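Enquirer: Predicted model follows, preceded by the sequence.
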Amino acid sequence: MSAAPSPAEIPYTIRRSARARRVRVNVHAHSGVEVVLPVRASERTAAAAVSELRPWIERRLREAREVRARVAARAGTVPYLGAPLELIPQPGRTRVHRTGERLLVPAEDPRPALERFYRRAARAEIAPRLDQATALTGASYSALDIRAQRTRWASCSPTGRMSFNWRLLLAPEHVLEYVVWHEVCHLEILDHSPRFWSLLERRWPGYRKDRDWLRRQGATLVL
């Protein structure tokens, strides 16, 4: 990976991918601008893409600054299904323990231990919601996985295997429940056709509000 400034003075990194068929520009809330290039593309192609997309990139960078500000504003706490939990650092601790509205965490960087805590909690929170939703619809799923997908909040395979991102526990409870219902509807309709959205509307009325929340606030769901 190499770094270079664009003519518009927007810093970015370059990543080459054997899977890339065209130039792609990503703006990450926490790591900045990344240009993904096909293996044989020249670095001039990256500079041209950044220059051409400058208005869009600058808008996304402003949004990224707002995201980082919102994350920084919760210093000393982490969200859990819409409620703040206070972080209590304790020297020598290696595992997160919840007591009421407080989380006892390692005094050093607590994020690895916090992620393990949220992964365990995600299964405990999602499994009963998934079981209830499938019982109501008469559908069934084959397995439940808790993952840390970079670009997906959840997925449903053709065999009914469900995967959910543990970071959904950092969102309000109604957003998690929307994602559960979204995937349960995929047990019947795997695509995102009008039939799918109509089914989801019947089972989770007002889903658009929760979907839009994830689109706007998803980047804040980090530790």
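Expert: Cool, got the structure.

Enquirer: Helices along this structure, start to end?
Expert: 43-52, 54-73, 111-137, 173-186, 194-203, 207-217 (DSSP state H).

Enquirer: in the sheet, who's paired with His97?
Expert: For His97, the beta-bridge partners under DSSP bridges are Leu104.

Enquirer: so how far is Thr77 from it?
Expert: 16 Å (C-beta to C-beta, to the nearest Å). (C-beta placed from N, C-alpha, C; glycine too.)

Enquirer: if we can go back for a sec, which one, of the helices of the chain, ends up nearest to Arg15?
Expert: In terms of C-beta to C-beta, the element of the helices of the chain nearest to Arg15 is helix 43-52, at 9.7 Å.

Enquirer: what is the mean pLDDT for the closest one?
Expert: Helix 43-52 comes out with an average pLDDT of 92.

Enquirer: Repeat that for stretch 214-223.
Expert: Here the mean pLDDT over stretch 214-223 is 91, rounded to a whole number.

Enquirer: Only alpha carbons, please: show that stretch as CSV.
Expert: What follows is the C-alpha trace of stretch 214-223 in CSV, where atoms were taken according to Å, rounded to 0.1, in the frame of the first residue of the first chain:
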residue,chain,number,x,y,z
LEU,A,214,-28.2,2.4,9.6
ARG,A,215,-27.2,4.2,6.4
ARG,A,216,-26.7,7.5,8.3
GLN,A,217,-25.3,6.3,11.6
GLY,A,218,-23.7,2.9,10.8
ALA,A,219,-20.2,4.4,10.8
THR,A,220,-20.6,5.4,14.4
LEU,A,221,-21.1,1.8,15.5
VAL,A,222,-17.5,1.3,16.6
LEU,A,223,-15.8,0.9,19.9
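
Enquirer: What residues of that stretch count as buried?
Expert: Residues of stretch 214-223 classed as buried by neighbour count (16 or more other C-beta atoms under 10 Å): 214, 218-221.

Enquirer: What is the nearest of those residues to His182?
Expert: Of all the buried residues of stretch 214-223, His182 sits closest to Leu214, with 10.0 Å by C-beta to C-beta.

Enquirer: And the lowest mean pLDDT element among the helices and strands of this protein?
Expert: Within the chain, judged by mean pLDDT, DSSP states H and E, the helix or strand with the poorest mean is strand 2-5; its value is a mean of 50.
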